[in-house]
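Trainee: Output the structure for:
(one chain, ligands or ions: 2)
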Amino acid sequence: MRITGYYFTHHKEILTQQYPENRETMYIGDRFRGEVVMLHNENNEHRCTGCSACEIACPNGTIRIISKFETGEDGKKKKAIDKFVYHLGMCTFCNLCIIACPTDTIVMSKAFEHSTTDRKSLTKILNKPGSKIEKGVEEK
Ligand code: SF4
Ligand code: SF4
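Mentor: Ligands and ions are numbered 1, 2, ... in the order given. Predicted structure coming up:
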């Protein structure tokens, strides 16, 4: 009773959140790992070179990089990403893929409401439709 009374007068110290009522305002810690996502800029460009470092780093085959070859402005053929396949249902959120990425293309999002009745929806293509690589990234 004494502790309950304490929290009546110290609202800011209450850690319990009223989910899902507070969905729009809820606090999620900076280190929370919810889902691997690929960053795209406003021009629908990403930084993925298709190097497969993330796929190799993943301990359980959650990532599959499907590559293709594109002809660059200089007429030379270059490896490029066709599809970044991510199986959310297999991911253990270990972060190893993100550490391995040399171009900081992928990050952990704070999404956490992953319940579904359709297993197929857990397999995601992370590069957006029509997206392409940001100019200059492949040379780095
Ligand atoms: S977070 Fe870990 S398990 Fe998930 S895709 Fe990355 S390396 Fe694989
Ligand atoms: S996300 Fe990063 S590590 Fe993975 S294929 Fe693309 S550039 Fe390479």
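Trainee: can you pull the buried residues of the strand or helix carrying K79?
Mentor: Using DSSP states H and E, K79 falls within strand 77-87. Buried residues in strand 77-87, counted by 16 or more other Cβ atoms under 10 Å: 80-81, 84-86. Heads up, the C-betas are built off the backbone N, CA and C, glycines and all.
Trainee: Looking at those residues, spot the one nearest T25.
Mentor: Checking those against T25 with Cβ to Cβ, the nearest one is Y86 at 28.5 Å.
Trainee: so what's the closest residue to S52 other than its chain neighbours bridging to?
Mentor: For S52, ignoring the flanking residues on the chain, the nearest one in space by Cβ to Cβ, 6 or more residues apart in numbering is I65 at 4.8 Å. For I65, the beta-bridge partners are F84 (DSSP bridges).
Trainee: Any figure for the gap between the closest residue to I14 other than its chain neighbours and E45?
Mentor: Closest residue to I14 apart from its sequence neighbours, by Cβ to Cβ, 6+ apart: Y7 at 5.6 Å. Using Cβ to Cβ, to the nearest Å, Y7 is found at 49 Å from E45.
Trainee: between the two, which one's more packed in?
Mentor: Using other Cβ atoms under 10 Å, the more surrounded residue of Y7 and E45 is E45, with 16 against 13.
Trainee: E138 is in contact with that one, correct?
Mentor: No - applying Cβ atoms under 8 Å, one finds E45 not in contact with E138, separated by 12.0 Å.
Trainee: For this structure, which segments count as helices?
Mentor: 2-9, 53-57, 96-100 (DSSP state H).
Trainee: tell me which parts of the chain are close to ligand 1?
Mentor: 36, 57-58, 60, 62-63, 91-97 (Cβ under 6 Å from any ligand atom).
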